[in-house]
Every structure is written in structure tokens, then in C-alpha cells.
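Novice: here you go, sequence then predicted model.
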Amino acid sequence: MKRKITMVILLTAIIAALSACSFTKDRKNAASEKDAGSSTAVEQTASSDDTTKENGTADEDKITLNLYFANSDKTAILAEKREINTDGRDDVRAAMEALIDGPTDQSLKRTIPEDARLIDVDVDDGTAVVNFSRELLNENGMVGIIEKASIVNTLTDIDGIRKVKILVEGKDLLNSGGLPLGELKRYETDEQGHLLEGETKTVTLYFANAGANGLVAESREIYVFKHDPIEAEVFYELAKGPVTQGLYPTIPEGTRILSVETEDGICKLNLSEEFIDNAVGGSAGELVTVYSIVNTLTELPGIEKVQFLIDGKVREAYIHLEFSEPFERNEKAIDK
């Protein structure tokens, strides 16, 4: 009897031990499955995050801003609101390349020549520096005021951009007087997009008479922008030729201003080689050409004489005319 009781107790203990082992194994398996599930979930989340980072969201790859193009006669700049795909580019580059591509509105005109290239861009302390190829320049080797305003106002629409510096082939953009423009602030406009950066002035220009032996005055209104010296603007108006019938142009074809500066009453006018190379008309023609410039510029306040430079150097002669000293106004040359 005693032996039977002992056997029963022993069997009970074995069964209990086996049950405990089975429970422990089940718990371990359940925990292992739970950990595996958690690991898979983490991996799936990480994979999803990586995909989002690689592809980006639609909002991250787009910017919305105003691109400024010219009106039909290129006398004003008008905004075209666009959503631009950046495609991994910085906002400044994306905006400039969209400006180069031109407007989608057919009533607007492009402001940057189609063959101009954006070489590089940089942003430093709120100033965007944009470097273009030489195709940005017009026939006078300059960038027009509408073109400059288009670039500056487009970029200053981007958050954090307060000023813009325009370079051409890595060199500072020059004003019509040949001086560096430096950093440009946003251009103010009226409701029609016309620039409010200067003032209208009435100037007197001198052109050749019918006999090409005297000068005749012609008054004209011009708009002078604050970044451009009036001496240069007046010269370019003179180079355009007269609007009055019976008068004739005096500036040799292709002549460009390289720089201009007025100091102590003397306007130093630095012209390109075309002023000499393309001169016509003999001695009388030379006098008419020179004094058409001198008499025109001495109409401006503060200018008493004009010193001519050719490609930055004083020349001894303009064909047959003594040319090294400053010229005073010549009233006798005016055909009254």
C-alpha cells in the first residue's frame, strides 16, 4: 500500500513538471512570434519612410511664386503666378530657369533671351547672386531696365531674398555709364507694372542739318532710371537719330559707351573703337559729329566740357581733328 501511494505521488509530480515545460515553451514561442511581428512592422515603417524621403511629396518638390515678364510693348513688367517643379534644384535656380523658358500667357513677352544660359547661382545673407552667359546682353553690351527688373522682382518674391546681384560670365553687370550696378533691390511699379525708379526729363539733342555743315536742336522727353547716369542715356538717345524730318544722325554706326563720368564740370566720355573706325564725312563731318555730342552733353547741368576717350585712352586726333583736350560748347556750330 505504501508503495502504491509513492508511485501515485511520483506520477503526479512528473505530469506537473511536463505541464510546466509545455507552458514555458508556448510562452517563449508566443514571445518570439510577437518580436518577429514587431521587427517586421519596424522594417516596413522604415522602408516606407525611406521611400518618402527618396520620392518626396508633391509639396516639397514645388514652389509657387510670381514670374515677371514684359507686357506686349516691353514698357512694363507683369506677374504670372506659376507653380514650379523644383526637381531637386534650389528655388533660385528653378525660378531663373522658368524665367528663361518664358511665359505661358501669350500676351506677355520673354525678358531673357532664349539662348541665354544660367551658369550658376548662390545665396549669401539674403542676396541672390545669379551668373548668366553673355547672351543675356543686348546689342549695346548691356541689360535693359525691364530685363533687370524682371530678374530682380522674380527672385525677391522668394522668401529670404532681399537683394539680387547679376553677373555675366562671372563679371559685374554694368550700368549705361560703365560702372558696376552691385546689389539691386526690388523695383517699385505702379498698378500697370510701369517702373517707378526714375523720372521723366526733357533733353536737347543736336543733329546734323541737311547740308551736314551745322547742328539743329531737337527736344525730347526721356525716362531716366536711378541706376543709370543721365549722360549715358542722353548719348544713346542721340545715337538713335532724329525724329524730325530733314535732320540726320551724327554718331558713327556701332559706337558704344564703355564708361562715362562727370567730375569738376568735365564729362569723361569713353567710347568704343567704332567711333573712329566707322566715322564718315571728312573734316566737316568730324566737326559735326564731335560738336553734336559736346553741345548735347553741355546742355546738362554741371557739364562745361567733354573729354573724349577711345577704349579708355586719350587719342591725339579724331581723323583730322585735334582730339586730346576737353571740348567746350560751340555755339557757332548751331544752325539758327
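Specialist: Received it, and whenever you're ready, just let me know what you need. Numbering: from 1, shown residues only.
Novice: from here on, contacts and neighbour counts on C-alpha atoms
Specialist: OK.
Novice: V130 should be in a helix, yeah?
Specialist: No: the assignment for V130 by DSSP: H, G, I helix; E, B strand; the rest coil gives strand, which leaves it out of any helix.
Novice: got the contact list for it?
Specialist: L118, I119, D120, V121, D122, V164, K165, I166, L167 (CA atoms under 8 Å, 6 or more residues apart in numbering).
Novice: just flag the most distant two among the residues you listed.
Specialist: With CA to CA as the measure, no two of the contacts of V130 lie farther apart than I119 and V164, at 15.5 Å.
Novice: neighbour-wise, which of these two wins?
Specialist: Residue environment comparison for I119 versus V164 gives the larger neighbour count to V164, 24 against 14, counting by other CA atoms under 10 Å.
Novice: pretty sure the more buried one is touching Y187, no?
Specialist: No: V164 sits out of contact with Y187 when judged by CA atoms under 8 Å, with a separation of 10.9 Å.
Novice: residues shared between the contacts of the two?
Specialist: Shared contacts of V164 and Y187, defined by CA under 8 Å, 6+ apart, are found at V152.
Novice: quick check: the closest residue to G302 other than its chain neighbours vs I303, distance?
Specialist: If you skip the residues right next to it in sequence, G302 has G265 as its closest partner in space, 5.4 Å away by CA to CA, 6 or more residues apart in numbering. G265 sits 5 Å away from I303, going by CA to CA, to the nearest Å.
Novice: just I158 next, same as before
Specialist: 42 Å.
Novice: quick check, I100 in a helix?
Specialist: Yes: inclusion of I100 in a helix is indicated when three-state DSSP is applied.
Novice: so what's the residue count around it?
Specialist: A total of 18 residues lie near I100 under the criterion other CA under 10 Å.
Novice: test my guess that it contacts F132.
Specialist: No: contact status for I100 versus F132: not in contact, 10.6 Å apart, counting by CA under 8 Å.
Novice: surely the residue nearest to G302 is in contact with P301?
Specialist: No: with contact defined as CA under 8 Å, G265 and P301 do not form a contacting pair (9.0 Å).
Novice: and the helices in the stretch 1-150 of the chain?
Specialist: With DSSP state H, counting those that start in this stretch applied, the stretch 1-150 of the chain shows helices at 2-55, 91-101, 145-155, listed in chain order.
Novice: next, the angle from the last one to helix 91-101.
Specialist: This means helix 145-155. With axes from the mean of the first three to the mean of the last three CA atoms, to 10 degrees as the basis, helix 145-155 and helix 91-101 are set at 140 degrees to each other.
Novice: give the other helices and strands that helix 145-155 contacts.
Specialist: Counting contacts by 3 or more CA pairs under 8 Å, 6 or more residues apart in numbering; DSSP states H and E, the secondary-structure elements packed against helix 145-155 are strand 62-70, strand 77-85, helix 91-101, strand 163-168.
Novice: pull up the pairing partners for the last one, direction included.
Specialist: Pointing back at strand 163-168 there. When pairs are called by DSSP bridges, strand 163-168 turns out to pair with strand 127-132 (parallel), strand 171-172 (antiparallel), strand 183-185 (antiparallel).
Novice: L215: neighbour count?
Specialist: Neighbour count for L215, taken as other CA under 10 Å: 27.
Novice: need the contact list for it.
Specialist: With contact taken as CA under 8 Å, 6+ apart, L215 is in contact with Y206, F207, A208, N209, V288, S292, A333, I334, D335.
Novice: tell me the buried residues within those residues.
Specialist: Among those, those classed as buried by 16 or more other CA atoms under 10 Å are Y206, F207, A208, N209, V288, S292, A333, I334.
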